[in-house]
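> I'll drop the sequence and a predicted model, then ask my questions.
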Amino acid sequence: MIVEILGVEKYMDEHLNSTNYLLRLIKYKTPQSSETEIGLSAHTDKKILTILYQNQANGLQVLIKDGQWKNINPTPGTITIMIGDSLHAWTNGRIHLPYHRVLMRENETRYSVALFSTPKDGFTIKAPEELVDEDHPLLFKPYNHLEFLTFSYTEEDLQCESALKTYCGV
Ligand SMILES: O=C(O)CCC(=O)C(=O)O
Ligand SMILES: [Fe+2]
């Protein structure tokens, strides 16, 4: 759908051939006090797309424009999809990159299952020429996904507002 909306369907095969998948089951510790606790601190997913499924214990929040955190309380049985850094960079910033976190509330155990699609090792993320023009100048230099991941585990990444901009912003 995304490639169709952006008119770059011709890259679909390249995308499928360069993608791996990773499934993660997460169990969050149940807070025993009435204080809310950070289950997962604010971050963006460094990968392409995240498909998220959770139990009834809500807690996912997304940062919205005015700097507020918005609760994401999905209807039971539905999934939440989030864009990761790789797709944000590949689309030359055309698709919003959501900062998100998980807050835990008293006596609720949250389980979530995340299916990440991720660029294969060694793949270079480069926005297609169709998505770069005068109105949309190139935002990120082409970068190697694995090297970016290595950077994202460093102290420098922890201190910067956007790993992607710091690492390869134009
Ligand atoms: O558990 C959740 O709802 C969020 C998980 C998440 O953001 C992640 O694993 O990157
Ligand atoms: Fe995440």
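Nice, thanks for sending it over. Ligands and ions are numbered 1, 2, ... in the order given.
> by contact count, what packs against the lengthiest helix in the chain?
In the chain, taking DSSP state H as the definition, the longest helix is helix 145-152. Judged by 3 or more C-beta pairs under 8 Å, 6 or more residues apart in numbering; DSSP states H and E, the packing partners of helix 145-152 are strand 124-125, helix 163-168. No exception for glycine: its C-beta is placed from N, CA and C like everyone else's.
> what lies in contact with that helix?
Contacting residues not belonging to helix 145-152 are listed as 46, 85-86, 118-125, 157, 163-164, 167-168 [C-beta atoms under 8 Å, 6 or more residues apart in numbering].
> how about a cut-off of 10 Å?
Identification of contacts with helix 145-152 by C-beta atoms under 10 Å, 6 or more residues apart in numbering yields 18, 43-44, 46-48, 85-86, 89, 118-125, 140, 143-144, 157-158, 160, 163-164, 166-168.
> in it, what counts as buried?
For helix 145-152, burial by neighbour count (16 or more other C-beta atoms under 10 Å) applies to 145, 148, 149, 151, 152.
> now that helix, how far from the centre of its chain.
On the basis of C-alpha atoms, centre = their mean, to the nearest Å, helix 145-152 sits 14 Å off its chain's mean C-alpha point.
> do the same with stretch 36-43
Centre-to-centre, stretch 36-43 and its host chain are 15 Å apart (C-alpha atoms, centre = their mean).
> one more: stretch 38-48?
The answer for stretch 38-48 is 7 Å, by C-alpha atoms, centre = their mean.
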